[in-house]
Each structure stands twice: as structure tokens, then as C-alpha cells.
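Student: Pasting a predicted model and its sequence here:
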Amino acid sequence: GEKVEQHESTLSVREGDSAVINCTYTDTASSYFPWYKQEAGKSLHFVIDIRSNVDRKQSQRLIVLLDKKAKRFSLHITATQPEDSAIYFCAANGTGNYKYVFGAGTRLKVIA
Amino acid sequence: NAGVIQTPRHKVTGKGQEATLWCEPISGHSAVFWYRQTIVQGLEFLTYFRNQAPIDDSGMPKERFSAQMPNQSHSTLKIQSTQPQDSAVYLCASSLGQGGYEQYFGPGTRLTVL
């Protein structure tokens, strides 16, 4: 089955800098790649997604890149703010196209 | 729209007792998912319903875990004879359908088995 590896377990950046979180997946059938944010003590909150028919998507300060050949996707947060501090999870939908397989999460700390 | 509702938010049980967790998906969503989150294992898929029918329970520990969706407005996850290793946050999510639809997660139920 699908496996998703999230490469950075922790990431610290200075306020205003960019943060990049990288994930790789194994199942070439995966076609949908969402990203979720989890703040302390809270549930998962959707932030952005990308489908396999595009290689780039932007929503305000968030950019997602998808490289299907390398089976790699990444989340770029530009002009980081303290409120971006959270755990970010990447996911892929794998074969079957419904359940998510999550990465282990990246704890992002934005230092003011 | 209240989002996905999960009750209770916290549950403490003694080893060997039964725990029932409830989920109310977003109205109009046909897909309901259960996941479990622990520090060690991360986020794990448990089971999935589409239009109330069970589709995939491949993530469920077979002997003590069961899930049902008796109507479109709620799903339950039942754990019999709870064990300390069942301690986790159990998350319910719903989406409009399968195939690349965003899943909306509830606040979770934190289960602690003493």
C-alpha cells in the first residue's frame, strides 16, 4: 500500500522567511495530495491540496509543488508568521482513491 | 454548518471496559472516515463508509473494534475490552465523496484507558 514519508520532523524559521516541507510517496496511483495543519490541542485543519493533473498550486502565502516523476510534493509557506507555528501533515490518497495515508508530521516553529 | 461533531471529547475507561465513540458528519457528506492518532504511530486509517455502507475496514483491529453507520447523520466506533494501547485520539472525518475531495475532520475524542 501507499507509504508517505515526511522528511522534516521539525523546522524552525525566522518570521518573514520561507518554510519548505517535503514529502515523498510510493504509490504511482496516488492522485490527490492534501496538507493539514494541527495546532496544539486541536484537530486537523485543511490548508491546501494539489491534484496530479497540475504541478503547482498557490493559495495566498501557500504554494504546493508536485513532481510525479520523483513522487515528491512539497509545501512552501512564504513570509511566515508566528501563527503559522503548528504541525503540518502531508497525505496522499493511494490506490482506491479515498482514504488518506499521512506523513508523520513536521513541527514548524516560526521565531519572531 | 457546525462541522463534524464528535462526542464525547474525552473518555476515560478502565482496562476491559467498553467505549463507544460518536460522530456526526457534515450534512450532505456521503463519505465518513475514522482515523486514530497516537504519538508513536501517527495518523492511521481505521475504516470508511460511503452512503452509510461499510467500504473498507482494513485499519481496524479485528477482534475488539467495530464501526457502524446506522443512518446518514451518525457513525459509531465501538471498542470492546479496551486495552491501554487503545489510548489515542480518535478522529472522524467526512467528505462529499471519494476521489480527491477534501476531508473535514472533527475535534476528535481522546480515549484514555487506565
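Tutor: Thanks, I have the structure now. Residues are numbered from 1 along each chain as shown, chains lettered A, B, ... in the order given.
Student: Just give the number of residues close to residue B:77.
Tutor: Neighbours of residue B:77 under the rule other Cβ atoms under 10 Å in any protein chain shown: 23. The C-beta positions use only the backbone N, C-alpha and C, and glycine is treated the same way.
Student: Contact residues of chain B facing chain A?
Tutor: Within chain B, the residues that sit near chain A (Cβ under 8 Å from any Cβ of the partner chain) are B:31, B:33, B:35, B:42-43, B:45, B:48, B:50, B:55-56, B:59, B:91, B:93, B:98-100, B:102-108.
Student: Residue A:13 contacts residue A:76, doesn't it?
Tutor: No. Counting by Cβ atoms under 8 Å, residue A:13 does not reach residue A:76; the two are 11.4 Å apart.
Student: between those two, what contacts are shared?
Tutor: Counting by Cβ atoms under 8 Å, 6 or more residues apart in numbering or on different chains, the common neighbours of residue A:13 and residue A:76 are residue A:19.
Student: Quick one, which of the residues of chain B next to chain A are buried?
Tutor: Using 16 or more other Cβ atoms under 10 Å in any protein chain shown as the burial test, these include B:31, B:33, B:35, B:42-43, B:45, B:48, B:50, B:55-56, B:59, B:91, B:93, B:98, B:100, B:103-108 as buried.
Student: Let me see the contact set for the closest residue to residue B:101 other than its chain neighbours.
Tutor: Nearest non-adjacent residue to residue B:101, counting by Cβ to Cβ, 6 or more residues apart in numbering or on different chains: residue B:95, 4.3 Å away. Shown in contact with residue B:95 (Cβ under 8 Å, 6+ apart): B:29-31, B:33, B:101-104.
Student: what's the farthest-apart pair in those residues?
Tutor: B:30 and B:102 (13.5 Å; Cβ to Cβ).
Student: I figured residue A:21 hits residue A:9, correct?
Tutor: No. Residue A:21 is not in contact with residue A:9 according to Cβ under 8 Å; the separation is 10.3 Å.
Student: out of these two, which sits in the busier spot?
Tutor: Using other Cβ under 10 Å as the criterion, residue A:21 and residue A:9 rank with residue A:21 on top: 21 against 11.
Student: in the sheet, who's paired with that one?
Tutor: residue A:75 (DSSP bridges).
Student: Look up how far residue B:52 lies from residue B:94.
Tutor: Residue B:94 sits at a distance of 12 Å from residue B:52 (criterion: Cβ to Cβ, to the nearest Å).
Student: In terms of neighbours, single out the busier of the two.
Tutor: Using other Cβ under 10 Å as the criterion, residue B:94 and residue B:52 rank with residue B:94 on top: 24 against 14.
Student: so which helix or strand takes in that one?
Tutor: Applying DSSP states H and E as the criterion places residue B:94 in strand B:88-95.
Student: and the next element down the chain from that strand?
Tutor: Moving toward the C-terminus from strand B:88-95, the next helix or strand (DSSP H and E) is strand B:104-105.
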